[in-house]
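Peer 1: structure here, sequence nowhere to be found:
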């Protein structure tokens, strides 16, 4: 067995360096599965020869930078890896993805989340992610129109897909969520607390499944 | 009209807030922080320093911000000040209460300290009222415009601690408006940005 190195961490998490990355990036216990990389260091980082399986990018990312790095992102996916982006896209750097569309809100009911059957959200109740101490709107306030063939996981009223999986735009898998980084969600004491661990588990299983997909192809 | 530029780290909420058609006419340039050295700051009168910039890059360019103030110009700093980029603000964090308005006999605790100030021809106290992340206890004879009852300042203007004008607020309207969250932040920016352009600072 080779000794653990940061280059072999399963997760690569880009750090925007913003004040709020204290919670969106660094919260929770020290995590040996994750390498945290300053976003501007991605430019010189040898992503191809590192063994990361999952690239995690949150709402504070510099999307002007990501446009410049889009070939690197696509190549990472085409090597059979996963990109998980949580935020609002306003530049084109995720294959197949469209720009964020804010929801027109006339009532708090416009924020009610419908959970479709998927292991990431198994056992999670709609009200536990829709409301935070009785207030709706923290979770998601819009969506990215889905590429053809994508699988929707969560919706806002009117069939608006706020979270989807795209296995067709690249040889890897894209998980796109129009909200916060679900791997760093705060402990809430209700069923929404299940998401974090279930997402970690799903990401690793999905990565293995991509390899199987390649073999079958 | 004063020439306003905004430091910009390429994040979605900054892009939305500062390219919104209602605010963009007041903003001459978004200064992309990784390429800050390519911009001539002499072209601007007011520089907005938003709350969620790449902190290491702001620190690296801090001398340029102070040179800007040294020319008698204006810097507006939004949000918490965990770093010592600007002098004499004496920031202290406070627990954030997103839910104060849901509580019985809800009071935000915010109050106007100088109700006759020109800013309040552009915004009301209500427009500046949402949660806050902390308060300032600024040194010297600064003008505190909004404060927290029995506590520090939420928004003040400092013309004494640098040769320029430093407008400091613990509020982060550009983050919430740009994230499509919290209606008061939109009303705040609707008044605050025109005030920066044409009001009496």
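Peer 2: Perfect, I can see it now. Remember, it's a predicted structure, so these values are computed and weren't measured experimentally.

Peer 1: need the longest helix for chain B.
Peer 2: Assignment by DSSP state H gives helix B:183-198 as the longest helix of chain B.

Peer 1: which neighbouring elements make contact with it?
Peer 2: Applying 3 or more Cβ pairs under 8 Å, 6 or more residues apart in numbering or on different chains; DSSP states H and E, one finds that helix B:183-198 contacts strand B:4-8, strand B:46-49, helix B:173-178. Where C-beta positions appear, they are placed from N, C-alpha and C, glycine not excepted.

Peer 1: please see if stretch B:135-154 touches chain A.
Peer 2: No: Stretch B:135-154 does not reach chain A (Cβ under 8 Å from any Cβ of the partner chain); its nearest approach is 15.6 Å.

Peer 1: distance between that stretch and the chain's centre?
Peer 2: Once both centres are worked out by Cα atoms, centre = their mean, to the nearest Å, stretch B:135-154 turns out to sit 14 Å from its chain's centre.

Peer 1: one step back: the longest helix of chain B to strand B:4-8, inter-axis angle?
Peer 2: Orientation of helix B:183-198 against strand B:4-8 (axes from the mean of the first three to the mean of the last three Cα atoms, to 10 degrees) gives an angle of 130 degrees.

Peer 1: give me the buried positions along helix B:183-198.
Peer 2: B:184-197 (16 or more other Cβ atoms under 10 Å in any protein chain shown).

Peer 1: and it, average pLDDT?
Peer 2: Averaging pLDDT along helix B:183-198 gives 95.

Peer 1: can you list contacts of that helix?
Peer 2: Under the contact criterion Cβ atoms under 8 Å, 6 or more residues apart in numbering or on different chains, helix B:183-198 has outside partners B:1-2, B:4, B:17, B:22-23, B:26-27, B:46, B:48, B:74, B:76, B:118-119, B:121-124, B:126-130, B:167, B:171, B:173-174, B:176-177, B:201.

Peer 1: ok, now stretch B:144-157?
Peer 2: For stretch B:144-157, contacts defined as Cβ under 8 Å, 6+ apart pick out B:90, B:92, B:94, B:109-114, B:117, B:119-120, B:125, B:128, B:132, B:134-138, B:142-143, B:165-171, B:201.

Peer 1: same check on stretch A:106-117?
Peer 2: Residues contacting stretch A:106-117 (Cβ under 8 Å, 6+ apart): A:103-105, A:121, A:124-126, A:129-130, A:135-137, A:139-141, A:152-157, A:162.

Peer 1: go with 10 Å
Peer 2: Counting by Cβ atoms under 10 Å, 6 or more residues apart in numbering or on different chains, stretch A:106-117 makes contact with A:103-105, A:121-131, A:134-141, A:151-163, A:179, A:191, all of which sit outside it.

Peer 1: mind showing which ranges of the chain have poor pLDDT?
Peer 2: Defaulting to chain A. Flagging of chain A using pLDDT under 70 yields the residue ranges A:1-5, A:24, A:27-30, A:186, A:216-217.

Peer 1: that's the wrong chain, I meant chain B
Peer 2: Looking at chain B by pLDDT under 70, you get B:99-102, B:104-107.

Peer 1: can you give me the helices for chain B?
Peer 2: Using DSSP H, the helices of chain B run over residues B:12-19, B:55-60, B:62-70, B:173-178, B:183-198.

Peer 1: most centrally placed residue in the chain?
Peer 2: Picked chain A for this. Closest residue to the average C-alpha location of chain A: residue A:84 at 2.9 Å, with Cα atoms, centre = their mean.

Peer 1: my question was about chain B
Peer 2: residue B:78 (3.1 Å).

Peer 1: that one contacts residue B:49, correct?
Peer 2: Yes: taking Cβ atoms under 10 Å as the definition, residue B:78 is a contact partner of residue B:49 at 6.8 Å.

Peer 1: where do the contact lists of these two overlap?
Peer 2: B:6, B:167, B:168.

Peer 1: so how far is residue B:6 from the last one?
Peer 2: From residue B:168 over to residue B:6 the distance is 16 Å, taken as Cβ to Cβ, to the nearest Å.

Peer 1: which residues are in contact with the nearest residue to residue A:60 once chain neighbours are set aside?
Peer 2: The shortest distance from residue A:60 to any non-neighbouring residue, by Cβ to Cβ, 6 or more residues apart in numbering or on different chains, is to residue A:16 (3.6 Å). With contact set as Cβ under 10 Å, 6+ apart, residue A:16 has these partners: A:24-25, A:38-40, A:57-62, A:65, A:87, B:9-11, B:52-55.
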